[in-house]
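> model this:
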Amino acid sequence: MSTTSRGFQDLTTGSIYQHLIKLAIPASMGMLFNTLYNLTDNWFAGKISDDALVGLSISSLVFYLFVGLLAGLQNGTSVMVSSEVSSTKASDDLKCIIKNAIGVSFIFSIIIIIGGLLFARDAINWLSTQTAPSELAWEYIQILLVGNIAFAISSVAAGALMALGDTKTNRNALIVGFFANLALNPLLTFGLDMGVAGLAWATLIIKLASAFYLIKVLSHKLGYRPIPQFNLDTSSNILRQVLPASFNFFIMIIGSLIITGFVSRFGDYAVAGYSVGLRLEQVLLLPALGLNSAVIAIAGQNFGVQNYRRIAETYRKGLLLGFTISVVCIPIMVFLSPHLMGFFSPQTDIINTGVTYLRIDALAFFCYVSLFISVATLQAIKQPNFPVVMGLFRQLILPLAINYYLIIELDLGLEWLFGSVALIVLISMMYTLLYTRSQLKKLARFAV
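Below is the predicted model of the structure:
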């Protein structure tokens, strides 16, 4: 394994398959434990009451609506760092980028606190038709909104480490966080009788510890402690990558809220079933999301040294690995979904909704994988705007228009709602594949 100074992994040489697998496996493992973490919260919420499970499902969607800025921050930091780390003048530029990324994270955190406290309750009330789940959702989310700085710092540190070829540190933090959550949830929720608030406090404590650990490891790799900094030019360059990625994630969450809004017409149990089904699908998509992280790091470093043919090769091989993942995961969604849903709730309506969603969306599984890899490639070559435009159509315009007609006007069932989502993803994937290939062909003309 070749490295640059202080152990930065050089991804511009060597086997692409080997790099993809070595980076994707730790990233996927970390995401697996992060999703299991969320499922653990759902399980404990279900032990409190069905209202608590519904409340947590709703508050999770609303919380991710506000922290969407941080998802873009992680990807944007990774893109900026990966394109600089392979440069001969990386040291000074890298220091400036990371310090300003942390500075930007503080600004984002303040925006999230203000926006969340002003608008989160309204979003919760829009998603729930009952008072009890709404109150429990607000009890949970207000704690995390105020403490979101821990999420912000973790996002920057994880993004920087990923760009340096280190996906293991974040994996370790997420694994330890999962087991810590297993201990803290029953202690705070039942032992100290804090209820749903105990789940939120457990998450906040663990995220603060994770942020400290990630910054400590990053500081060791860099050889200095990155102090928040605000340089207009550098921060502007970071924001040019961060804001489209953040907006894309924001669109995705708004899209989820729209679909959840349509699902809520069938009752709160349907919302809970859809939420749990979505979590289970996310578990199966984790290898693809790990692959997404690997593609950003590899393509980003090669973009920095203008090795454009290697970027195209990374894209092709990423899609092949993604197809292999899909062949394994689709049968699980189709055949094992009743057993998986039954683990979280004995309520028939919750189980049936989750099973229906998983079996229909299995048809679009490879489409999701292809979209992830295509978007990662476009971000790595610093073309983050197309995913935003595609996201507007895929997540907002088409689902809202089509499902308003199907669910409101024609009064059709959940099968039509979930089927329309799968069809829209298929169409979006085909167009995104064509666009990404065209951009890579343009880069190939300048290849050395």
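> Tell me the secondary structure at Y224.
What DSSP: H, G, I helix; E, B strand; the rest coil gives for Y224 is coil.
> Isn't it up against K95?
Yes: with contacts counted by CB atoms under 8 Å, Y224 reaches K95, the gap being 7.0 Å. Where you see a C-beta, it was placed from the backbone N, CA and C, and this is true even at glycine.
> Have a look at the two and say which one is more surrounded.
The neighbour count for Y224 versus K95, taken as other CB atoms under 10 Å, is higher for K95 (16 against 12).
> Pretty sure that one sits against L222.
Yes: using CB under 8 Å, K95 is in contact with L222, at 7.2 Å.
> Give me the common contacts of those two.
Common contacts of K95 and L222 (CB atoms under 8 Å, 6 or more residues apart in numbering): none found.
> what's the burial count for T189?
24.
> give me every residue that touches L340.
280, 354, 358.
> Please report the distance of the closest residue to the second one other than its chain neighbours from F372.
Computed as CB to CB, 6 or more residues apart in numbering, the closest residue to G354 that is not its neighbour in sequence is G277, at 3.4 Å. According to CB to CB, to the nearest Å, G277 and F372 sit 19 Å apart.
> more crowded one of the two?
Each of G277 and F372 has its neighbours counted (other CB under 10 Å); G277 has more, 27 against 21.
> isn't that one right up against M341?
Yes: applying CB under 8 Å, one finds G277 in contact with M341, separated by 6.7 Å.
> intersection of neighbour lists for the two?
The contact sets of G277 and M341 overlap at 354-355, 358 (CB under 8 Å, 6+ apart).
> Please report which of those has the highest neighbour count.
Neighbour max across the shared contacts of G277 and M341 (other CB under 10 Å) = G354, 28 neighbours.
> so what's that residue up against?
By CB under 8 Å, 6+ apart, the residues touching G354 are 273-274, 276-277, 280, 337, 340-341.
> swap in A297?
11, 23, 78, 82, 162-163, 165, 167.
> Then I215?
I215 makes contact with 153, 157, 225-226, according to CB under 8 Å, 6+ apart.
> make it 7 Å
When contacts are counted by CB atoms under 7 Å, 6 or more residues apart in numbering, I215 touches 153, 157.
> can you check A150 too?
204, 207-208, 211.
> ok now the host helix or strand of it, how far from the chain's centre?
Per DSSP states H and E: A150 is located in helix 149-163. Centroid displacement of helix 149-163 relative to its chain, using CA atoms, centre = their mean, to the nearest Å, is 13 Å.
> In terms of helices and strands, where is the nearest residue to R121 once chain neighbours are set aside?
Spatially, and ignoring its direct neighbours in sequence, R121 is nearest to W138 (5.5 Å; CB to CB, 6+ apart). For W138, the element it lies in under DSSP H and E is helix 131-146.
> Which residues does that helix contact?
51-52, 54-56, 58-59, 62-63, 66, 112-113, 116-117, 120-121, 124-125, 128, 196-197, 199-201, 203-204, 268.
> Then stretch 422-432?
360-361, 363-364, 367-368, 370-371, 374, 390, 394, 398-399.
> same thing with stretch 23-37?
Applying CB under 7 Å, 6+ apart, the contact partners of stretch 23-37 are 165, 167-168, 170-171, 174-175, 177-178, 181, 279, 282-283, 286-287, 289-291, 293-294, 297.
> And for stretch 370-389?
Contacts of stretch 370-389 (CB under 7 Å, 6+ apart): 75, 79, 241, 244-245, 247-248, 288-289, 291-292, 295-296, 299-300, 303, 311, 315, 318-319, 322, 428-429, 432-433, 435-436, 439, 443.
> again, but for stretch 318-326
Here stretch 318-326 has contacts from 20, 287-288, 291, 295, 365-366, 369-370, 373, using CB under 7 Å, 6+ apart.
> So which of the residues you listed sit within helices?
20, 287-288, 291, 295, 365-366, 369-370, 373 (DSSP state H).
> could I get those as CSV with distance to L257 and pLDDT?
Listed next are these as CSV, based on distance: CB to CB, whole Å; pLDDT from 0 to 100:
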residue, distance to L257, pLDDT
L20, 33, 93
P287, 27, 91
A288, 23, 92
L291, 27, 93
V295, 28, 95
F365, 22, 97
F366, 25, 97
V369, 23, 96
S370, 24, 97
I373, 26, 97
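> Tell me the one of these nearest T189?
P287 (31.1 Å; CB to CB).
> how distant is the helix or strand containing G198 from the center of its chain?
Under the criterion of DSSP H and E, G198 resides in helix 196-222. Counting by CA atoms, centre = their mean, helix 196-222 is centred 17 Å from the centre of its parent chain.
> can you pull the buried residues of that helix?
Buried residues in helix 196-222, counting neighbours by 16 or more other CB atoms under 10 Å, are found at 196-211, 213-215, 217-218, 221-222.
> repeat for stretch 181-189
181, 184-185, 188-189.
> Convert that stretch to PDB, retaining C-alpha atoms only.
Output of stretch 181-189 as PDB, limited to C-alpha atoms (Å, rounded to 0.1, in the frame of the first residue of the first chain):
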ATOM      1  CA  ASN A 181     -26.200   2.600  22.700                       C
ATOM      2  CA  LEU A 182     -27.200  -0.900  23.800                       C
ATOM      3  CA  ALA A 183     -26.100  -0.100  27.300                       C
ATOM      4  CA  LEU A 184     -27.300   3.500  27.600                       C
ATOM      5  CA  ASN A 185     -30.800   3.000  26.100                       C
ATOM      6  CA  PRO A 186     -32.200   0.700  28.800                       C
ATOM      7  CA  LEU A 187     -30.300   2.600  31.500                       C
ATOM      8  CA  LEU A 188     -31.700   6.000  30.600                       C
ATOM      9  CA  THR A 189     -35.000   5.000  29.100                       C
END
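> Now do the helix holding G198 against helix 131-146, angle only.
Orientation note: helix 196-222 sits at an angle of 20 degrees relative to helix 131-146 (axes from the mean of the first three to the mean of the last three CA atoms, to 10 degrees).
> what about the next helix or strand after helix 196-222, average pLDDT?
The first helix or strand that comes after helix 196-222 along the chain, using DSSP H and E, is helix 232-263. For helix 232-263, mean pLDDT is 85.
> what helices or strands is helix 232-263 leaning on?
Helix 232-263 is packed against helix 50-66, helix 68-85, helix 90-127, helix 268-304, helix 385-391, helix 398-403, helix 414-444, with contacts defined by 3 or more CB pairs under 7 Å, 6 or more residues apart in numbering; DSSP states H and E.
> Off-centre distance for the third one?
Same thing as helix 90-127. How far helix 90-127 lies from its chain's middle: 15 Å, per CA atoms, centre = their mean.
> swap in the last one?
Its chain's C-alpha centre lies 19 Å from the corresponding centre of helix 414-444 when counted by CA atoms, centre = their mean.
> Which residues belonging to it are considered buried?
414, 416-425, 428-429, 432-433, 435-436, 439-440, 443.
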